[in-house]
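J.: coords please:
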Amino acid sequence: MKIIKILSIGKFILAVYYTKSDCYQYSIIDDYGTVLEPDDIFYTSEAAEREGREAINIVSRDAIAIKV
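T.: Numbering: from 1, shown residues only. Presented below is the predicted three-dimensional model:
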């Protein structure tokens with residue numbers, strides 16, 4: 001595994017990495033240290049980052065809805 005990009009987005013950390021299978025994946029770490037690591041694979045780092053950002057947006061919206 002080779003880390004391509006690490007981003008801080010709100011209370012989350014998004015890591016995009018290149019795997020031994022010649023594809024890209026992403027992981028999300030929340031402010032409690034919980035790691036979300038979907039099995040989805042992507043052929044570009046941009047696609048993995050885009051999907052990771054979307055997952056963070058969904059989780060963030062859900063957290064706000066629960067608080068209200």
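J.: Not counting its own residues, what contacts the particular helix or strand that has residue 50 in it?
T.: In this assignment (DSSP states H and E), residue 50 forms part of helix 45-67. Residues external to helix 45-67 that are found in contact with it (C-beta atoms under 8 Å, 6 or more residues apart in numbering): 4-5, 7, 9-10, 12, 14, 16, 18, 24-28, 30, 36, 38, 40, 42. (Each C-beta comes from the backbone N, C-alpha and C, glycine too.)
J.: now with 10 Å?
T.: Here helix 45-67 makes contact (C-beta atoms under 10 Å, 6 or more residues apart in numbering) with 4-5, 7, 9-18, 23-28, 30, 36, 38, 40-42, 44.
J.: What are the buried residues along that helix?
T.: 45, 47, 48, 49, 51, 52, 53, 55, 56, 59 (16 or more other C-beta atoms under 10 Å).
J.: if we can go back for a sec, which among the contacts of helix 45-67 end up buried?
T.: Those of these that meet the buried threshold are 4, 12-17, 23-28, 42, by 16+ other C-beta under 10 Å.
J.: got those as TSV, with secondary structure columns?
T.: TSV is the format used below for the buried ones among the contacts of helix 45-67 (DSSP: H, G, I helix; E, B strand; the rest coil):
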residue	secondary structure
4	strand
12	strand
13	strand
14	strand
15	strand
16	strand
17	strand
23	coil
24	strand
25	strand
26	strand
27	strand
28	strand
42	strand
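J.: where does this structure have low pLDDT?
T.: Screening the chain residue by residue with the criterion pLDDT under 70, one finds the ranges 62-68.
J.: Please repeat the previous calculation with a cut-off of 90.
T.: Low-confidence segments of the chain, defined by pLDDT under 90: 1, 58-68.
J.: on that earlier part again, can you name the two of the buried ones among the contacts of helix 45-67 that are farthest apart?
T.: Between all members of the buried ones among the contacts of helix 45-67, the longest pairwise span (C-beta to C-beta) is found for 12 and 23 and amounts to 22.3 Å.
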